[in-house]
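*Asks:* sequence-free structure coming up:
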Ligand SMILES: Nc1ncnc2c1ncn2[C@@H]1O[C@H](COP(=O)(O)OP(=O)(O)OP(=O)(O)O)[C@@H](O)[C@H]1O
């Protein structure tokens, strides 16, 4: 379970999040939607203890992330797939993470296999990875500790159509096994297919939250999205 309660985040007078409250229940996928700059990554960074909220609390499994013993065993996250040492191989990257989390080393090959990276790709330095391969490695790292909560920021970035279909199946099966999954994306059609619930934010505020079916209400998510989010007039900037 993930719980955001009254989260406000201000950066030098600019409000990135404004009194944001929502939950992500276990056994579900919650799609986190909103235009560029809406505050999705900021909310996830606060949840994962990368930055502090100005006001409010964000908890995961009932505790603040920093208070969880060995958090990687409870919460898997993918925030920036590019933030991996380029000189290490995928397998080395995961082995280091496994040692830090106290995860048995054979689990490294299990997750590499689960994300569809071959043995050869696992032995390749990350600098030679495509965007999609980096994304898969990031997802492998998120899965390493067999967490009950997953926080994935735009995990479909760079994945080809097969990769996106694979990601949908993976995320669905994790939720069906009881995981609470929070997944941000701009790919409305993808989210519509996999998410049980939607939280839509704009300008740092929750615009809509509820079951995907109820929110789409006979239309599709894109319809709702355009109804709720007013595009910024960039020509005026
Ligand atoms: N470290 C920071 N310092 C100042 N402002 C920041 C910082 N991080 C984010 N912001 C601002 O907070 C707001 C929300 O940004 P955030 O990255 O959370 O949006 P997002 O919904 O994830 O966007 P995108 O879809 O483009 O990834 C933006 O106005 C952004 O410029």
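*Replies:* Alright, I've got the coordinates. Remember, predicted model here, so these are calculated numbers, not experimental data.

*Asks:* check whether stretch 53-72 contacts the ligand.
*Replies:* No - contact of stretch 53-72 with the ligand is not found when judged by Cβ under 6 Å from any ligand atom; the minimum separation is 11.9 Å. The C-beta positions use only the backbone N, C-alpha and C, and glycine is treated the same way.

*Asks:* give me the buried positions along that stretch.
*Replies:* Residues of stretch 53-72 classed as buried by neighbour count (16 or more other Cβ atoms under 10 Å): 53, 56, 58-61, 65, 68, 71-72.

*Asks:* ok, now stretch 17-26?
*Replies:* Of all the residues in stretch 17-26, those buried under the rule 16+ other Cβ under 10 Å are 17-18, 20, 22-24.

*Asks:* is it true that residue 140 touches residue 115?
*Replies:* Yes - under the criterion of Cβ atoms under 8 Å, residue 140 makes contact with residue 115 at 4.4 Å.

*Asks:* quick revisit: tabulate the buried residues of stretch 17-26 (TSV), appending distance to the ligand and secondary structure.
*Replies:* Output for the buried residues of stretch 17-26, formatted as TSV (distance: Cβ to the nearest ligand atom, whole Å; DSSP: H, G, I helix; E, B strand; the rest coil):
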residue	distance to the ligand	secondary structure
17	8	strand
18	11	strand
20	11	strand
22	14	strand
23	19	strand
24	16	strand
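
*Asks:* could you identify the most distant pair in those residues?
*Replies:* Comparing all pairs in these by Cβ to Cβ, the longest separation belongs to 18 and 24, at 19.4 Å.

*Asks:* residue 129 and residue 90 touch, don't they?
*Replies:* Yes - assessed by Cβ under 8 Å, residue 129 is found in contact with residue 90 at 7.2 Å.

*Asks:* show me whatever sits in contact with both of these two.
*Replies:* Residues touching both residue 129 and residue 90 by Cβ atoms under 8 Å, 6 or more residues apart in numbering: 121, 137.

*Asks:* between these two, who's got more neighbours?
*Replies:* residue 90 (25 against 21; other Cβ atoms under 10 Å).

*Asks:* pLDDT at the more buried one, what is it?
*Replies:* Model confidence at residue 90, given as pLDDT, is 96.

*Asks:* same question, residue 228
*Replies:* pLDDT recorded at residue 228 is 88.

*Asks:* which residues sit against the helix of greatest length in the chain?
*Replies:* Ranked by number of residues, the top helix in the chain under DSSP state H is helix 161-176. Applying Cβ under 8 Å, 6+ apart, the external contacts of helix 161-176 come out as 27-29, 114-116, 132, 135-136, 139, 150, 152, 155-156, 159, 181, 183, 187, 190, 193-194, 196.
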